[in-house]
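Predicted coordinates and the sequence they were generated for:
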Amino acid sequence: MIELIDVTKTFNRGAANEYRAVRGITLELAAGESLIIKGPSGSGKTTLLSMIGCMNRPTSGRIRLTGETIAGLVDTDASGFVEVTSLPERFLTAIRRRMFGFVFQQFNLIRGITALENVMQPAYPVGIPRRQIQHDAAELLASLGVGHRQTALVEHLSGGEQQRVAIARALINKPSVLIADEPTAHLDTVLSREFMEIAAQLKKMGTTLIIASHDPLVYESDLADRTIVVRDGVLVTTDTEL
Amino acid sequence: MTPALDRQRNILDFTLSSLLRRRGKLLSLVFIYSTVVFVLASIMFFTHALRREAQILLADAPELVVQRMVGGRHDPIPLEYAVAISEIRGVSGVQPRFWGYYYDADLGANYTLQAVSDNSLQTGNIAIGAGLAQLRGLGNGDAFSLWGSDGQPRTFTVSRVFSPASDLLTTDLIMTTEGDLRELFNFSKGTATDLSVAVRNPREVQTVAERIVELFPDCRPITREDIQRTYTAVFDWRSGILLVTASMAIWAFVIFSWDRASGISASERQEIGILKSTGWATEDILLLKLWEGIIVSLTSFLLGLIGAYIHIFFFSAPLFTSVLKGWATLYPSFRLTPFIDYYQVAILFVLSVFPFLLATIVPSWRAAIIDPDNAMRGGA
């Protein structure tokens, strides 16, 4: 479960170009739930995702996490929650690595290496034997329908293939939460539908999904358990529980 | 394998893959780095090997040489000085030496002519250095003419060519009998070029030298240590010249390292962001960069060092010959005995590898401590 309590994020604090990207958002997300975050460009969706995914600390407010994947990593309170806001960087990294998988808008794949190596890369620092990582990565690529492209350099892949590689990379460390930022922004309708099918399969498998998108194909789909709208850093509406 | 070892191995594998991805940059980096190490190691190997070679050869040199000085210049020494010096307590023998220089206008080269102190040569015969023999195409039994100081040519027969192993000192050497040399140079009777003095107890050499100066204030005693010091100073001076020349390369390397230290490329920065956002910790990235630095610096250091070793000890330093050699106009073509001063190698290692590692790690550390969030906003 993920809890955000009155979370704010201000960039360039105290400077002339100070910018408040997120302004007091409170949110709860249950394990296995799928949340769609709607909002126009610059509304604060990405900042919100990065704070949920422990890639960025809020300026104020609290973010609390609980779940099996982080148990044993850090001390929890009586209710089993970990307050991540004040955790040292190394714990945040460990939580990020175990609990979250990220699919970025621009895919952020490393050019010059193969699809398989890109998928394997997040598991390298974990301390798993390379052969095991390779096996898992190949299986993931095959399950996402790009097993035949595993030896291709990522820059030689189509947009859809690159996204599948990015999804496989996000899943290599078996995260309980998948965070996707505008996953269909660079895909055509067919490929966007394919992504939604993959997301649906992950949901069935119990993965928590948090997807930021302003693509109707995503937020109007039946994938979302809940849709929220963010505008100018503020939670405007909390949509229906489906 | 333990998880810690697996982590090391995985990150090392990824390092190699990263390096191969940036092949062009890697090759230029290794080339510049190893060239600098090559130049510095070559100077180091060469001067040390020459110094050692000289020490070995000078081990057989006389403990004390006495020269007479007139007007600050070396002048023939009267033989009666030898008699007086031989009576100094502690002196076991005094041997007059006869030698001089001969300019060969055809070759534009100077030869060193010296008289043998024994009967190993017969009148009219000479022994010559391998360098001279090769240059003049001479062998045993060949005739070789030299112009006397009276303007008349004198023809000698080559009875021996010195081994190339002694080339450092003999390459331009011509040994004759005392009589032949006196006649050729028109040395006045009753004088020698200088005196070689043997001392019973090596610790008394300095005392004997001081006694000689007391007896003959116009004489300058030169101890073997003095000669060794001169050799060392000359080699140090020569290596200094080369170091000044090489300083341009070293300076370029420093600027290059500083450039690396002051920033990394946008693509490297983005890659670090991607790694962080996908679960790599700052220390994982530092480990990656440490491996990268170790691989590049060790490879370059070893390439430079091995290259320098081959350059000096297998090819006799063709790149430095004109600066570092040259006791005579005929350059010795000897092959140096391999000698490595491990202390100097260690210093070279520390001075080249550690700054480079630092220059690799510091900017990466700077990039690795930024929020991975930045990577989410960048493009692939």
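Great, that's in hand. Computed from a predicted structure; not experimentally measured.

Which residues of chain B lie near chain A?
B:1-4, B:6-7, B:9-11, B:13-14, B:17, B:21-22, B:271, B:273-284, B:371-373, B:375-380 (Cβ under 8 Å from any Cβ of the partner chain). Where you see a C-beta, it was placed from the backbone N, CA and C, and this is true even at glycine.

6 Å instead?
Within chain B, the positions adjacent to chain A are B:3, B:6-7, B:10-11, B:14, B:17, B:21, B:271, B:274, B:277-281, B:284, B:371-373, B:375-376, B:379-380 by Cβ under 6 Å from any Cβ of the partner chain.

Just the buried residues of the residues you listed.
Buried by 16 or more other Cβ atoms under 10 Å in any protein chain shown: B:6-7, B:10-11, B:14, B:21, B:271, B:274, B:277-281, B:284, B:372-373, B:375-376, B:380, out of the residues of chain B next to chain A.

Give me the three-state assignment for residue A:21.
The three-state assignment at residue A:21 reads strand, by DSSP: H, G, I helix; E, B strand; the rest coil.

didn't it look like it was pressed against residue A:234?
No - when contacts are counted by Cβ atoms under 6 Å, residue A:21 is not listed as touching residue A:234 (10.7 Å).

okay, those two: which has more neighbours?
residue A:21 (21 against 15; other Cβ atoms under 10 Å in any protein chain shown).

Look up how far residue A:13 lies from the more buried one.
Between residue A:21 and residue A:13 the distance is 12 Å, computed by Cβ to Cβ, to the nearest Å.

which residues does residue A:90 contact?
residue B:281 (Cβ atoms under 6 Å, 6 or more residues apart in numbering or on different chains).

pretty sure residue B:154 is in a strand, no?
Yes - counting by three-state DSSP, residue B:154 falls inside a strand.

separation between it and residue B:284?
82 Å.

Same check on residue B:103?
Counting by Cβ to Cβ, the gap from residue B:103 to residue B:284 is 71 Å.

now swap in residue B:351 and tell me
Distance from residue B:351 to residue B:284, counting by Cβ to Cβ: 29 Å.

excluding its backbone neighbours, what's nearest the residue of chain B found nearest chain A?
In chain B, no residue comes nearer to chain A than residue B:3, which is 2.9 Å away by Cβ to the nearest Cβ. Using Cβ to Cβ, 6 or more residues apart in numbering or on different chains and skipping residues adjacent in sequence, the residue nearest residue B:3 is residue A:127, 2.9 Å away.

which ones are touching that neighbour?
Contacts of residue A:127 by Cβ under 6 Å, 6+ apart are B:3, B:6-7.

at 7 Å instead, please
Counting by Cβ atoms under 7 Å, 6 or more residues apart in numbering or on different chains, residue A:127 makes contact with B:3-4, B:6-7.

Least confident of those residues?
In terms of pLDDT, residue B:3 ranks lowest among these, with 83.

Restricting to C-alpha, output the longest helix along chain A in CSV.
Identified as the longest helix of chain A according to DSSP state H is helix A:189-204. Below are the C-alpha coordinates for helix A:189-204, written out as CSV (Å, rounded to 0.1, in the frame of the first residue of the first chain):
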residue,chain,number,x,y,z
THR,A,189,-3.1,3.1,-31.8
VAL,A,190,-2.3,-0.5,-32.5
LEU,A,191,0.8,-0.5,-30.3
SER,A,192,-1.0,1.5,-27.6
ARG,A,193,-3.7,-1.3,-27.5
GLU,A,194,-0.9,-3.8,-27.2
PHE,A,195,0.5,-2.0,-24.2
MET,A,196,-2.9,-1.9,-22.6
GLU,A,197,-3.2,-5.7,-23.1
ILE,A,198,0.2,-6.2,-21.4
ALA,A,199,-0.8,-3.9,-18.6
ALA,A,200,-4.0,-5.8,-18.1
GLN,A,201,-2.1,-9.1,-17.9
LEU,A,202,0.2,-7.6,-15.2
LYS,A,203,-2.8,-6.4,-13.3
LYS,A,204,-4.2,-9.9,-13.4
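
Done for today, thanks.
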